[in-house]
Structures are given as C-alpha cells and as structure tokens.
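Engineer: quick one, what's the 3D model for this:
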Amino acid sequence: MSFDFAIIGAGIAGASLAAELAPYGRTILLEAEDAPGYHATGRSAAFWSETYGGPRIQPLTTASHDFLAYPPAEFADRPFLDQYGALHIADADGQSALAVFVAEFADSDVVLDELEATEIARHIPGIAPGWTKGVFEPSCADIDVAALHQAYLRGAKRAGSQLCCNARVEALAHEGENWAIGWRGHAIEAEVVINAAGAWADDIAAMAGIQPLGITAYRRTMVQLRTDPAPPEKLPLVIDALGRFYFKSEAGGRLWLSPHDEIAVEPGDSAPEEMDIAIAIARFKSAVDWKVEAVERKWAGLRSFAPDRLPVYGFDPLARNFFWCAGQGGFGIQTAPAAATLARALITAEPAASMVAAIDPRIYAPDRLR
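Structural biologist: Here you go, the predicted structure:
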C-alpha cells in the first residue's frame, strides 16, 4: 500500500498535521499506542498562554488564538478556549526574574499588567505574606485539549486520512524513491515521512539512519488537590516567577498543581514520583494559607525539547523527504493550529496561510541543530 504522507505519532502534532495534509494527498497516521494522545497530549495541564515557552514561541501561540477561540463551523461547534487570565507572582527572590520576564515581551503585542500586593490578594485569597509583586496576563485561557485533539482526528478522517493504532514502527528505510515502513506484520510505502513521534522522535530518526537532533524527554508532575477553602471558580493560572510551581482551579472546586519539574527521562509511560508530589505541595503551601485536605489524583506526562528548546519543523537537510515535527515541549497544544499550518506549507511547498505568513520558518528548521 502506498501513501503520499506517513505521519508517525497521533498526538496533537500528528493529528493536526494529518488534518492539514490529507487534502493534499493520501495520508496515514501511525500511532504506537492503542489510542492517540496517550503520553503527552492526554496529560496536558490544558492552558493557553501567550508567554509560555518564551518570545520565540509566542508568535506561534498568538497566531493560533483565533482558530482556537473561533473555530470554523465545519471543524467544531464551540470554542476551545475559556479565558480567565494568568497571574505571575514573585517573592523577594523572584522579583528580578519577574522583571526579566516583562522585559522579554516588551516589544510584542502581549498585554502584561504589573500588580502590587493588594491587587494580587484580590485575585488569590489567602496569598501568603512576601508575594508582593505580580504580573497579570489577561489573555491566558483554559484549552479543552480532548475536544481539540478529537476535532483534528475527525477532520483528518473526513479529509481521507487513515489512522492506525497499535502501529509501533519497527522498520523505516529508503526503498527506491519512497520510504518503506513496517510494523507488526504490516508494510507500506510513503513518499514523505513526518516524524511527529514526540519523545521518541530521535529513535525514529535513528531507525531511518538519520542523525538524531538531541530531542530529550522530560517528566512533568501534576496533582489534583482538594483544599480548604476551595479555589475560586475563576482563579487565574498562578505561576511562580522562578518556575517553582503553578496551579489552577478545576471543575468541582478542585485544584491542579505542578512543581514545574522537568526531569530528564527515557521515553516511556511516565509516572509521578512521591518526592515530586511532596515538593509541589510544600511549594504551594509557601504561597497560600489554604489547607490541603487530600491528593485526589496524580499523574505525570512527557514533554520533549530540542537542545535550544525551540520546536523543529522542516525537512532534514541530510535525508530525502524526512520531515521533523518535534520538540514542542509543553506548548505543542497551544501552538497546534499555527504549527500544523506552517508545517503543511513547508511539506507541500504551497504558499503559507495568512495565519502564519509573518512567521519565519527558518527559526524552527532542523538544520540549525546540525
């Protein structure tokens, strides 16, 4: 069986790109697990923040906003975003970092409002003494990650793309002009291979005889807490300026908390460590006087980065028709509409859509890592 495009990985990166590419040729989406989005997409903290990932990620995030907030009627019947804002807070140790954060976005269109202690307390009841500086990011929003991912999978299927689960690629090599791909007794050919394998992106490259780029997997821990008092329903996403924690309200009066950890791990089914959970709760208690009544859920997900912490979108300079769509860190979901549109333009050599026309794709090209 022959395809124009074979996408390895059906998380948000692969699913969104399949929806973009399917109208341009026969497309197949290969997922190693028995359901798409198991390792990273399905374990996301689920927020959209223009500042997350830094100034060189922000253009992709901002470009994705209108699609997420006002999706086309044929794609979804409701928005994927619920705006509530983010509050970046600093104690005495973090005030310099907060100032650097504001300066990084001074030349962008991102709105950041500096707050003093009394204004912070209005947003966060029970804030502990010492957290006297804050920056409010009003555009921050929750993302309905599951709905977005499913909408992309439906869109890809509607455009003719095939999805194969339990399809862990075991063989990948050039055969004539095409790539030969094999898994569990199956074999196909494809003109273009798109490596959207997340934490396994370097493994896929090595299998194809291509030099890896140094994509590294990191564990991120999350816990769901029951607290007294319960968090306000519209509590903004609260982020420590020094990156020691973040927390946000969830449905049912619960709180999601992370120690903002990044622990380098081998790709696999990531699980939380009890020490990281304890660290998260201790840091949370340093910020607010709320009582932690129970840890109701705990989980860990994978995020993967290139050495310079920018995503990789582009054909490998040393391999014919091998396209990288990897290294999206924790911002792959919030940038998915723009990233998939940009990648589709690079793969098909079609003009870029207006959404990404002002974004220079060379910033994210794999040859920068060679």
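Engineer: strands of the stretch 101-250 of the chain, start to end?
Structural biologist: For the stretch 101-250 of the chain, applying DSSP state E, counting those that start in this stretch gives strands covering 113-116, 133-137, 141-143, 162-164, 171-175, 178-183, 186-195, 216-228, 237-240, 246-250.
Engineer: then the last one to PDB, C-alphas only?
Structural biologist: This means strand 246-250. C-alpha atoms of strand 246-250 as PDB (Å, rounded to 0.1, in the frame of the first residue of the first chain):
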ATOM      1  CA  TYR A 246       2.000  26.700  39.100                       C
ATOM      2  CA  PHE A 247      -1.600  26.000  40.000                       C
ATOM      3  CA  LYS A 248      -5.100  26.500  38.600                       C
ATOM      4  CA  SER A 249      -8.700  25.800  39.500                       C
ATOM      5  CA  GLU A 250     -10.500  22.800  38.000                       C
END
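Engineer: ok, that strand: who's next to it in the sheet?
Structural biologist: strand 237-240 (antiparallel), strand 254-258 (antiparallel) (DSSP bridges).
Engineer: and the first one, how far from the chain's centre?
Structural biologist: So the one you mean is strand 237-240. 17 Å (Cα atoms, centre = their mean, to the nearest Å).
Engineer: i'd like the first residue to be 82 from this point on
Structural biologist: That works, and once the first residue is 82, the last one we named lands at strand 318-321.
Engineer: start to end distance for stretch 235-248?
Structural biologist: 19 Å (Cα to Cα, to the nearest Å).
Engineer: and for stretch 321-328?
Structural biologist: End-to-end distance (Cα to Cα), stretch 321-328: 9 Å.
Engineer: ok, residues contacting it?
Structural biologist: 126, 169-171, 174-176, 178-179, 182, 214, 312, 318-320, 336-341, 361, 364-365, 368 (Cβ atoms under 8 Å, 6 or more residues apart in numbering). In short, each C-beta sits where N, CA and C put it, glycine included.
Engineer: all strands of the stretch 332-451 of the chain, in order?
Structural biologist: So, for the stretch 332-451 of the chain - with DSSP E, counting those that start in this stretch - the strands run 335-339, 344-346, 372-386, 393-396, 403-407.
Engineer: pick the most deeply packed of the ones you listed.
Structural biologist: Most buried of these, by mean neighbour count (mean count of other Cβ atoms under 10 Å): strand 403-407, with a mean of 26.
Engineer: which of the strands of the stretch 182-331 of the chain sits closest to Pro152?
Structural biologist: Shortest distance between Pro152 and the strands of the stretch 182-331 of the chain, using Cβ to Cβ, is found for strand 222-224: 11.9 Å.
Engineer: does anything pack onto that closest one? Which helices or strands?
Structural biologist: strand 128-129, strand 162-164 (3 or more Cβ pairs under 8 Å, 6 or more residues apart in numbering; DSSP states H and E).
Engineer: the shortest one pairs with which strands?
Structural biologist: Which is strand 128-129. strand 222-224 (antiparallel).
Engineer: roughly how far is the partner strand from the heart of the chain?
Structural biologist: Chain-centre distance of strand 222-224: 12 Å, with Cα atoms, centre = their mean.
Engineer: that one - what's its average pLDDT?
Structural biologist: Strand 222-224 comes out with an average pLDDT of 95.
Engineer: in that strand, what counts as buried?
Structural biologist: Ala222, Asp223, Ile224 (16 or more other Cβ atoms under 10 Å).
Engineer: of these, closest to Ala254?
Structural biologist: Once Cβ to Cβ is applied, the member of those that ends up nearest Ala254 is Ile224, at 37.6 Å.
Engineer: who does that closest one bridge with?
Structural biologist: Leu162.
Engineer: list the contacts for it?
Structural biologist: Counting by Cβ under 8 Å, 6+ apart, Ile224 has contacts Ser125, Ala127, Phe128, Trp129, Leu149, Phe161, Leu162, Ile414, Gln415.
Engineer: could you dump these into CSV with pLDDT added?
Structural biologist: Listed next are the contacts of Ile224 as CSV, based on pLDDT from 0 to 100:
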residue, pLDDT
Ser125, 73
Ala127, 81
Phe128, 89
Trp129, 95
Leu149, 98
Phe161, 97
Leu162, 97
Ile414, 95
Gln415, 96
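Engineer: what's the closest of these to Arg390?
Structural biologist: Gln415 (15.3 Å).
Engineer: closest one of the buried residues of strand 222-224 to Trp264?
Structural biologist: Nearest to Trp264 among these, counting by Cβ to Cβ, is Ile224 at 31.1 Å.
Engineer: could you export the strands paired with strand 327-331 as a markdown table, including distance to Ala381?
Structural biologist: Below are the strands paired with strand 327-331 laid out as a markdown table (distance: least, Cβ to Cβ, whole Å):
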| stretch | distance to Ala381 |
| --- | --- |
| strand 318-321 | 19 |
| strand 335-339 | 10 |
